[in-house]
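>>> Following is a predicted model, sequence given first.
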Amino acid sequence: MSKISLTANASLITQAVDALRRGALVAFPTETVYGLGGDARNLEAIQRIYALKGRPLDHPVIVHLAPDADLNDWVSELPPAALALADAFWPGPLTLVLPRAPGVLDAITGGQDTVALRKPAHPLAQALLSAFGGGLAGPSANRYGRISPTSAAHVREEFGAQAPLILDGGDCTVGLESTIVGWLDGQLVQLRPGQLSLSELSRVAGPIVTSVATQKPRVSGSHESHYAPRTSTSLLNFDEILAITTGKFAVLSLSTAPITHKAALWLQAPDDAMRYGQQLYATLRQLDACGCERILVERVPEGDDWAAIRDRLTRAAAR
Ligand code: TXA
Ligand code: MG
């Protein structure tokens with residue numbers, strides 16, 4: 001991240017802020033994945049985001065804020081447990097879903113009475129947000145249901161000639177979307193796992209439940225199939241992968257390729273959850289591009305630190 005010069009990007013940031021003020025979109029790096037940003041107070045800008053992504057209109061988006069932004073512009077209530085999370089993990093890969101302030105557009109919240117907020121840690125995102133001075137509505141900068149982008153090249157790949165101005169902040173260091181925690185019916189609920197694990201969050205904020213019995217909020221990333229390659233993808237044990245000998249298939253494994261394997265492409269992923277997560281989406285794109293009929297992914301370990309990866313792999317394989 002130190003390689004990114006904010007001075008070198010100064011004129012691009014000016015250009016980006018001009019675009020945002022006009023209601024145009026800007027793709028920007030965060031530490032998790034690249035976002036497709038538009039002025040969160042401008043209905044037309046938000047509609048442009050939905051149109052470019054091809055995302056259903058009732059799916060809410062996250063509002064990104066500068067490190068010193070005042071949350072009271074966005075929320076009507078800041079429960080102590082949520083404030084503790086914000087103090088401990090912002091700026092960082094955490095999104096908080098809180099009761100929304102009057103005036104927050106329905107287009108942002110999908111008509112729900114909550115709003116999702118995040119203060120990202122990436123220096124270029126922070127420079128953009130500070131220069132813009134407002135909130136940036138920003139879903140991941142990919143077509144709906146597809147793999148989130150973790151580099152500027154991925155954003156170009158997603159949108160081609162329709163791509164907006166892209167701020168290039170290098171490869172994302174986290175590589176998986178933020179952990180989402182909501183304040184719902186008087187308790188903290190994890191709505192999407194991320195690199196920040198449940199135990200890290202609970203240490204700061206007390207108990208956090210992982211499912212709600214009543215009225216599940218709409219979280220588009222919670223659809224069964226999401227973050228998905230175009231190629232049919234299966235999650236298997238190592239032995240099951242080795243038993244497959246026909247067809248043209250690619251493998252993502254935690255082990256080196258045995259000499260007897262029959263895969264057209266065999267990629268070995270890191271056995272450390274942080275590095276696995278950082279590389280996962282770039283690796284899935286590479287596997288998707290290899291012209292195979294199937295992608296076989298070896299199941300990853302149990303345990304809290306692998307929870308977000310298990311979640312994304314399960315959705316990538318659901319179809
Ligand atoms: O790391 C991230 O979170 C990235 C970067 C760009 O910040 N953003 C991201 O945005 O992943 P998106 O739109 O792809 O996913 C945001 C998720 C969606 O599943 C959405 O449904 C959920 O946040 N969400 C947004 N507002 C919500 C709300 N009010 N209640 C419940 N879920 C909400
Ligand atoms: Mg997304």
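Everything's here; your move. Ligands and ions are numbered 1, 2, ... in the order given.
>>> okay, CA-based contacts and neighbour counts for the rest of this
Noted.
>>> all helices of the stretch 201-319 of the chain, in order?
238-242, 273-288, 307-317 (DSSP state H, counting those that start in this stretch).
>>> looking at those helices, which is buried most?
The highest mean neighbour count among these, using mean count of other Cα atoms under 10 Å, belongs to helix 307-317: a mean of 22.
>>> That helix to helix 273-288, inter-axis angle?
With axes from the mean of the first three to the mean of the last three Cα atoms, to 10 degrees defining the directions, helix 307-317 sits at 10 degrees from helix 273-288.
>>> Is helix 307-317 in proximity to ligand 1?
No - applying Cα under 6 Å from any ligand atom, one finds helix 307-317 separated from ligand 1 by no less than 11.7 Å.
>>> which other residues reach that helix?
Contacts to helix 307-317, defined as Cα atoms under 8 Å, 6 or more residues apart in numbering, come from residues 176, 192-195, 197, 223-229, 232-235, 273, 277, 299-300.
>>> Report the rounded mean pLDDT for that helix.
For helix 307-317, the mean per-residue pLDDT is 95.
>>> So residue 41 is in contact with residue 135, correct?
Yes - because the distance of 7.5 Å satisfies Cα atoms under 8 Å, residue 41 is recorded as touching residue 135.
>>> which of the two has more neighbours?
Using other Cα atoms under 10 Å, the more surrounded residue of residue 41 and residue 135 is residue 135, with 24 against 19.
>>> show me the contacts for that one.
39, 40, 41, 63, 64, 65, 66, 129.
>>> Three-state assignment for the last one, please.
Going by DSSP: H, G, I helix; E, B strand; the rest coil, the secondary structure assigned to residue 129 is helix.
>>> what about it, neighbour count?
Here the number of neighbours of residue 129 (other Cα under 10 Å) works out to 24.
>>> and the gap between it and residue 66?
As for residue 129, its distance to residue 66 is 5 Å (criterion: Cα to Cα, to the nearest Å).
>>> Tell me the buried residues within the contacts of helix 307-317.
Using 16 or more other Cα atoms under 10 Å as the burial test, the contacts of helix 307-317 include 176, 192-195, 197, 225-229, 232-235, 273, 277, 299-300 as buried.
>>> Show me the strands in this structure, by range?
Ranges of strands in the chain, per DSSP state E, are 26-28, 35-39, 62-64, 94-99, 114-118, 136-137, 165-166, 179-184, 187-192, 232-236, 249-253, 265-268, 294-298.
>>> Including mean pLDDT, could these go into CSV?
Putting the strands of the chain into CSV (pLDDT from 0 to 100) gives the following:
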stretch, mean pLDDT
strand 26-28, 98
strand 35-39, 98
strand 62-64, 98
strand 94-99, 98
strand 114-118, 98
strand 136-137, 98
strand 165-166, 97
strand 179-184, 96
strand 187-192, 95
strand 232-236, 97
strand 249-253, 98
strand 265-268, 98
strand 294-298, 98
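>>> want to throw the ones you listed into CSV with distance to residue 155?
Shown next, in CSV, are those (distance: least, Cα to Cα, whole Å):
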stretch, distance to residue 155
strand 26-28, 8
strand 35-39, 9
strand 62-64, 18
strand 94-99, 22
strand 114-118, 21
strand 136-137, 17
strand 165-166, 8
strand 179-184, 21
strand 187-192, 22
strand 232-236, 22
strand 249-253, 23
strand 265-268, 23
strand 294-298, 22
